[in-house]
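Asks: got a sequence here, can you model it:
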Amino acid sequence: MVSPAAGPRVVSLVPSLTEAVAATAPGLVVGATDWCTHPPGLAAARIGGTKNPDTDAIAALRPDLVIANEEENREPDLAALRAAGLEVLVTEVRDLDQAFAELARVLVDACGLARPRWLEEAREAWEHVVPPPEPVAAVVPVWRRPWMVLGRDTFAGDLLARLGVRNVYAGHAERYPRVPLDELRAAGADLVVLPDEPYRFTADDGPEAFPHLPAALVDGRMLTWYGPSLAAAPAALSGALRAACR
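Replies: Numbering: from 1, shown residues only. Modelled structure (predicted):
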């Protein structure tokens with residue numbers, strides 16, 4: 001760990017990256033979104049949501065660096081922050097390898113921190129993943145009303161593929177297509193994977209829509225966050241998938 005004085009004042013607009021910076025160097029994060037729930041007890045000013053941050057409040061914090069993501073944050077907000085004279089680092093994370101590269105860029109290159117041990121533990125955990133010999137075809141809803149699923153080119157989809165899950169919509173033209181429920185049921189899946197974020201699927205909200213498929217209820221943080229949770233994600237996700245497929 002480093003002392004807060006050893007790095008920049010950071011505002012993070014990405015929950016995953018908030019946790020990554022705060023877990024590596026407590027005290028650097030001076031501002032974070034309302035969705036930044038980790039690490040618990042984070043002492044940072046709250047500056048709104050990922051899609052509607054209070055850009056004036058962010059500027060008032062006088063950060064040295066604002067961390068954003070091209071998928072989670074809106075370009076007009078980032079442009080407003082740049083216009084206020086702030087440095088904005090925009091990440092792109094579409095798969096696991098890119099996540100590791102971007103985490104190093106944020107922590108080491110931008111924040112000047114030593115490469116954290118948790119990052120190496122996460123890489124080692126994923127290097128030891130052995131997928132089952134036969135992949136299981138699945139649909140992966142991320143929202144309902146309307147139903148939306150993982151499509152092509154997503155971080156969560158890459159993690160699931162490494163664990164032996166073949167997303168039946170991985171070849172879709174859209175990254176998060178809206179698909180009617182009847183089509184999802186007829187898509188030829190053998191499993192439905194239901195994370196608890198961004199939509200909070202639960203045992204009572206989600207599986208009933210797919211009565212003929214086993215449902216894997218998974219921790220959304222393990223599936224969609226790229227930070228310290230990556231070290232525990234292979235075991236947690238594999239366990240949930242195995243339990244559903246018994």
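Asks: so which elements touch the longest helix belonging to the chain?
Replies: Secondary structure of the chain per DSSP state H: the longest helix is helix 233-245. Here helix 233-245 touches helix 117-127, helix 155-162, strand 191-195, strand 215-218, helix 220-224, going by 3 or more Cβ pairs under 8 Å, 6 or more residues apart in numbering; DSSP states H and E. C-beta here means a position set from N, CA and C on the backbone, and glycine is covered the same way.
Asks: so how far is it from its chain's centroid?
Replies: Relative to its chain's centre, helix 233-245 lies at 17 Å (Cα atoms, centre = their mean, to the nearest Å).
Asks: mind listing what's buried in that helix?
Replies: Within helix 233-245, the residues that count as buried by 16 or more other Cβ atoms under 10 Å are Ala233, Pro234, Leu237, Ser238, Ala240, Leu241, Ala244.
Asks: quick one: contacts of it?
Replies: Contacts to helix 233-245, defined as Cβ atoms under 8 Å, 6 or more residues apart in numbering, come from residues 122, 125-126, 128-129, 136, 159-160, 163-165, 191, 193, 214-219, 222-223.
Asks: the helices in this structure, which residues?
Replies: Assigned helices in the chain, in chain order: 15-24, 55-60, 75-83, 96-104, 117-127, 155-162, 181-185, 220-224, 233-245 (criterion: DSSP H).
Asks: these two touch, right, Phe210 and Val192?
Replies: Yes. In this structure, Phe210 is within contact of Val192 by Cβ atoms under 8 Å, at 4.5 Å.
Asks: of these two, which one has the most company?
Replies: Neighbour count, other Cβ atoms under 10 Å: between Phe210 and Val192, Val192 has more, with 25 against 18.
Asks: tally of neighbours for the nearest residue to Arg115 once chain neighbours are set aside?
Replies: Of all residues not flanking Arg115 in the chain, Val108 sits nearest, at 5.7 Å (Cβ to Cβ, 6 or more residues apart in numbering). Look at Val108: counted by other Cβ under 10 Å, it has 15 neighbours.
Asks: let me know the pLDDT of Val108.
Replies: Reported pLDDT at Val108 in the predicted model: 97.
Asks: appreciated, that's everything.
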